[in-house]
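> Could you look at this predicted model? Sequence included:
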Amino acid sequence: MAAEQFPVVGWPPVSHESLEWTSRYEFGPRASLGERTERYSAAVPALIGTAPYTPPGSLAAELEDAAVALREFDTELGAGIAPFASVLLRTESMSSSMIENVTANARSVAMAELGDTSTRNAMLVVDNGSAMKAALAAADDTTPGGILAMHRALMAHSDPDQAGKWRQEPVWIGTSAKSPVGADYVAPRYERVPGLIEDLADFVRRNDLQVLAHAMLAHAQFETIHPFTDGNGRTGRALLQAILRGKGLTRNVTVPISAGLLVDVLAYHRALDAYRDGDPDEIVRMGSTAAFLAIENGRRLAADIRSAREGWDGKVTARADNAVWRVMDLLERQPVVTSRVLEDELGLARNTVWRAMGLLEEAGVVLGVNKHRMGRNWRSEEVLAALDAFAQRAERRGRAD
């Protein structure tokens, strides 16, 4: 079913249609079943494939400043030997999950990456990271199929039956979990989803919009469509990253925009509501603000990890060709490792691994821990603390606001 076209002037607001909802309930002393039919209002998003958007002067200037800052950050942290690309992707996955109240500390996430299934939230964060990777892989050709791949990676473990499938049922936000009647927002009926996503893909393929504004508008439209039964927010923020990469605003690292949005989640939700009312400027401005906050926080994280590495170099005495230096390089981006990881990632023999890790344990660079069924792992407490501090800075500022 086609969505309504946008008006000639201004950004197209969401319209609505009245639908029926039949609910079943029990009544009487013998708990007989009855039915009640009520009406509710569902969104009808406009098509935006060719919709014009020109930010007002002050916002346009903010967007250009943010774009310059993003490019500088991407170049700065993407250059040299410091492997910040994977570190920042992990922080983006953690921050995006935290917006949905899925929280896990850095150690739990690192263990989940190694196959530890004991902490559900950590597994969800890892799956979110997989969705981010799928998004970046699809960055040059963001199609409906690419969006399904992002969702499939995200929901592979938590909801495999619905992973990578457009929803076939109503979804809504707020009020009752059993009925859309009176909900804060009811997404468009599922029959509209494929056409709306095709239109969104057309919008993404355009090259006439400022990139950060382009990404935020596409993200807001995706959240308005809400094409999945679950995981829409995390998939939508992965899509945002795909657009930034595909349009060339970022080339080397995943700028943790979600950490900036996390600073004021209520404002983020209000901006999405304003977008649906035909005011796109607030969600675009949120993208600019979030970019600056993410850059500030990301630079502090990078500085903390560099400081940790400098400390390690001062503690270890070994020949230049000793494996410990390569292990320390790996620890900067993967703060928990096992013998198998070191063998696979660095091509080290097992006896070399144990000698190197023994030396690093003695120097206080890593802490060795035996975990049931996983054997021994080694942790950089300093890098884990730096990752947790990154999350806490964003979350703490969000609570203060």
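Noted; the coordinates are in hand.

> hey, where'd the helices end up in the stretch 201-350 of the chain?
Using DSSP state H, counting those that start in this stretch, the helices of the stretch 201-350 of the chain run over residues 211-225, 232-246, 257-262, 265-276, 281-315, 323-333, 339-346, 350-363.

> again, but for the stretch 51-200 of the chain
Listed in chain order, the helices of the stretch 51-200 of the chain (DSSP H, counting those that start in this stretch) span 57-78, 84-99, 106-113, 120-137, 144-155, 193-205.

> which of those helices is buried the deepest?
helix 84-99 (a mean of 24; mean count of other Cβ atoms under 10 Å). Heads up, the C-betas are built off the backbone N, CA and C, glycines and all.

> roughly how far out does that one sit from the chain middle?
Taking Cα atoms, centre = their mean, to the nearest Å, the mean C-alpha location of helix 84-99 is offset from the chain mean by 7 Å.

> Next: stretch 145-153.
For stretch 145-153, the distance to the chain centre is 13 Å (Cα atoms, centre = their mean).

> Dump the C-alpha coordinates for that stretch into CSV.
Only the C-alpha atoms of stretch 145-153 are listed here, as CSV (Å, rounded to 0.1, in the frame of the first residue of the first chain):
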residue,chain,number,x,y,z
GLY,A,145,18.4,-6.1,1.7
GLY,A,146,21.3,-4.4,3.5
ILE,A,147,18.9,-3.2,6.2
LEU,A,148,17.5,-6.7,6.6
ALA,A,149,21.1,-8.0,7.0
MET,A,150,21.7,-5.5,9.8
HIS,A,151,18.6,-6.6,11.6
ARG,A,152,19.5,-10.3,11.1
ALA,A,153,22.9,-9.8,12.7
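
> That stretch - what's its average pLDDT?
Regarding stretch 145-153, the rounded mean pLDDT is 95.

> same deal with stretch 66-86?
83.

> Quick check, central residue of the protein?
residue 96 (4.0 Å; Cα atoms, centre = their mean).

> excluding its backbone neighbours, what's nearest it?
Once flanking residues are discounted, residue 96 sits nearest to residue 258: 3.9 Å by Cβ to Cβ, 6 or more residues apart in numbering.

> Out of the helices of the stretch 201-350 of the chain, the one nearest residue 161 is which?
helix 232-246 (16.5 Å; Cβ to Cβ).

> quick one: that closest one to helix 281-315, angle?
80 degrees (axes from the mean of the first three to the mean of the last three Cα atoms, to 10 degrees).

> Counting by contacts, list what helix 232-246 packs against.
Counting contacts by 3 or more Cβ pairs under 8 Å, 6 or more residues apart in numbering; DSSP states H and E, helix 232-246 is packed against helix 84-99, helix 120-137, helix 144-155, helix 211-225, helix 257-262.

> Go ahead and produce PDB holding the CA coordinates of the shortest one.
Think helix 257-262. What follows is helix 257-262, C-alpha atoms only, in PDB (Å, rounded to 0.1, in the frame of the first residue of the first chain):
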ATOM      1  CA  ILE A 257      27.100   9.200  17.800                       C
ATOM      2  CA  SER A 258      24.900   7.100  20.000                       C
ATOM      3  CA  ALA A 259      27.100   8.200  23.000                       C
ATOM      4  CA  GLY A 260      26.100  11.800  22.100                       C
ATOM      5  CA  LEU A 261      22.400  10.900  21.800                       C
ATOM      6  CA  LEU A 262      22.600   9.100  25.200                       C
END
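
> Run the chain-centre distance for the strand or helix carrying residue 385.
When elements are assigned from DSSP states H and E, residue 385 belongs to helix 381-400. Taking the mean of its C-alpha atoms, helix 381-400 sits 16 Å from the chain's own mean (Cα atoms, centre = their mean).

> just stretch 192-201 next, same as before
Counting by Cα atoms, centre = their mean, stretch 192-201 comes out at 21 Å from the chain centroid.

> re the thing from before, report the buried residues of the helix holding residue 385.
Within helix 381-400, the residues that count as buried by 16 or more other Cβ atoms under 10 Å are 382-387, 390-391, 393-395, 397-398.

> ditto for stretch 239-252
Quick answer for stretch 239-252 (16+ other Cβ under 10 Å): 239, 240, 241, 242, 243, 244, 245, 246, 247, 249, 250, 252.

> Pull the residues that contact it.
67, 70-71, 74-75, 77-79, 85, 92, 132, 135-136, 138-142, 146-147, 150, 204, 207, 211-212, 214-216, 218-219, 222, 254-255, 257, 287 (Cβ atoms under 8 Å, 6 or more residues apart in numbering).

> can you check stretch 119-127 too?
93-94, 97, 102-104, 108-109, 111-113, 116-117, 153-158.

> what do you get for stretch 323-334?
81-87, 110, 113, 305, 308-309, 312-313, 316, 318, 337, 341-342, 345-346, 348, 352-353, 355-357, 359-360, 365-366, 380, 383.

> What about residue 19, how many residues nearby?
By other Cβ atoms under 10 Å, the residues close to residue 19 number 14.

> who wins for proximity to residue 183 among the helices of the stretch 51-200 of the chain?
Among those, helix 193-205 sits nearest to residue 183 (Cβ to Cβ), with 17.7 Å.

> Tell me what angle that closest one forms with helix 144-155.
110 degrees.

> Quick one: list the elements packing against helix 193-205.
Checked by 3+ Cβ pairs under 8 Å, 6+ apart, helix 193-205 has helix 144-155, helix 211-225 packed alongside it.

> number of nearby residues for residue 55?
With other Cβ under 10 Å as criterion, residue 55 counts 20.

> cool, residue 343 as well?
Residue 343 has 14 nearby residues by other Cβ under 10 Å.

> From residue 354, how far out is it?
Residue 343 is 11 Å from residue 354, where distance means Cβ to Cβ, to the nearest Å.

> quick one on the thing from earlier: quick check: PyMOL command selecting the buried ones in the contacts of stretch 323-334.
Of the contacts of stretch 323-334, the buried ones go into a single PyMOL selection, burial set by 16+ other Cβ under 10 Å:
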select buried, resi 82+83+84+85+87+110+113+305+308+309+312+316+337+341+342+346+348+352+353+356+357+359+360+365+366+380+383
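
> where does the stretch 51-200 of the chain have low pLDDT?
Applying pLDDT under 70 to the stretch 51-200 of the chain flags the ranges 80-83, 175.
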